[in-house]
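[1] following is a predicted model, sequence given first.
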Amino acid sequence: MSQWVPLEANPELFAAWCSTLGLDGARHSFYDVFGFDDELLAMIPQPVNALLFLFPLTDAVEERHRADDASRTPPEGLLWFKQTIGNACGTIGLLHAIANSAAKDAVIPGSALDDILTKARATTAEERVAVLANSEALRMAHAAVADDGQTAAPDAHDPVNLHFVAFVRANGKLVELDGRRTGPIEHDVAVPTQDDLLKAAVQFVQQYYVAANPDELGFNMIALSGAPP
């Protein structure tokens, strides 16, 4: 398996990744979610189109994931990428967030990101693996961002127990997109409007991830918000 250096959870680096590959930064921006209380959530500009969530991979989380994968049928109509590149979860999360939200309308025609998503939509999930593996633009964008974090980047082969997933709204529900799973996971969490996504996702991760691992500290959430119309 190919191994990349993991991405740091950093809105500026995510914005640089998007700018390099071809997302119009004037129409979409990334914001740190500094806390889960209402006052801090109110600081995030709406609409929030997607969320990137970083969490520790613990035994409790892995057990829940296996149970969900076995009991749920993946929803249709979403673009899901299987992760076969080690430590590429940040890039996979960004692709999931953009491809399955209104952010896809801000992808610049003819850009590397446009090329990746166009090819991906024309393939099966298994064939999509090659689309990512063969994209030199994607590899270079990931590498450049991984090297520019505020903390020293680990070696590509160092053990890492943190993982990124994306949350989006689809069919009025909260959907989790994770390249390590069997497909998109539609949770039984109502998201009536796009403005409800942030609070719905926060409540879910508190109950599903944080409560299951109360002694863990490696949680981080970043919002991808669209510019007001």
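    Received, thanks.
[2] okay, CA-based contacts and neighbour counts for the rest of this
    Will do.
[3] mind checking the SS state of L132?
    helix (DSSP: H, G, I helix; E, B strand; the rest coil).
[4] next up, the contacts around it.
    By CA atoms under 8 Å, 6 or more residues apart in numbering, L132 lies in contact with I116, L138.
[5] how close does it sit to S2?
    Taking CA to CA, to the nearest Å as the measure, L132 falls 12 Å from S2.
[6] distance between the helix-or-strand element of the chain with minimal mean pLDDT and the chain's centre?
    When each helix and strand of the chain is scored by mean pLDDT, DSSP states H and E, helix 59-71 comes last, with a mean of 90. Chain-centre distance of helix 59-71: 19 Å, with CA atoms, centre = their mean, to the nearest Å.
[7] just give the closest residue to L117, not the sequence neighbours.
    Take L117 and drop its neighbours on the chain: the residue closest to it by CA to CA, 6 or more residues apart in numbering is A99, 7.1 Å away.
[8] same check on R169?
    Counting by CA to CA, 6+ apart, the residue nearest R169 is V175, at 6.0 Å.
[9] I'd say that neighbour and A190 touch.
    No: between V175 and A190 there is no contact under CA atoms under 8 Å: 10.0 Å.
[10] which strand or helix spans the residue nearest to R169?
    strand 173-177 (DSSP states H and E).
[11] give me the helices and strands touching that strand, please.
    For strand 173-177, the elements it packs on are strand 162-170, strand 185-190, helix 197-205, judged by 3 or more CA pairs under 8 Å, 6 or more residues apart in numbering; DSSP states H and E.
[12] and the residue positioned nearest the centre of the chain, what pLDDT?
    Among the residues of the chain, the one closest to the centroid is G93, at 2.5 Å (CA atoms, centre = their mean). pLDDT for G93: 98.
[13] same thing with the one 5 residues further on?
    I98 is assigned 98 on the pLDDT scale.
[14] likewise P214?
    Turning to P214, the model gives it a pLDDT of 81.
[15] over to D32?
    Confidence score, pLDDT, at D32: 97.
[16] flag the shaky bits of the chain, pLDDT-wise.
    Counting by pLDDT under 70, the chain has low-confidence residues at 1, 149-160, 227-229.
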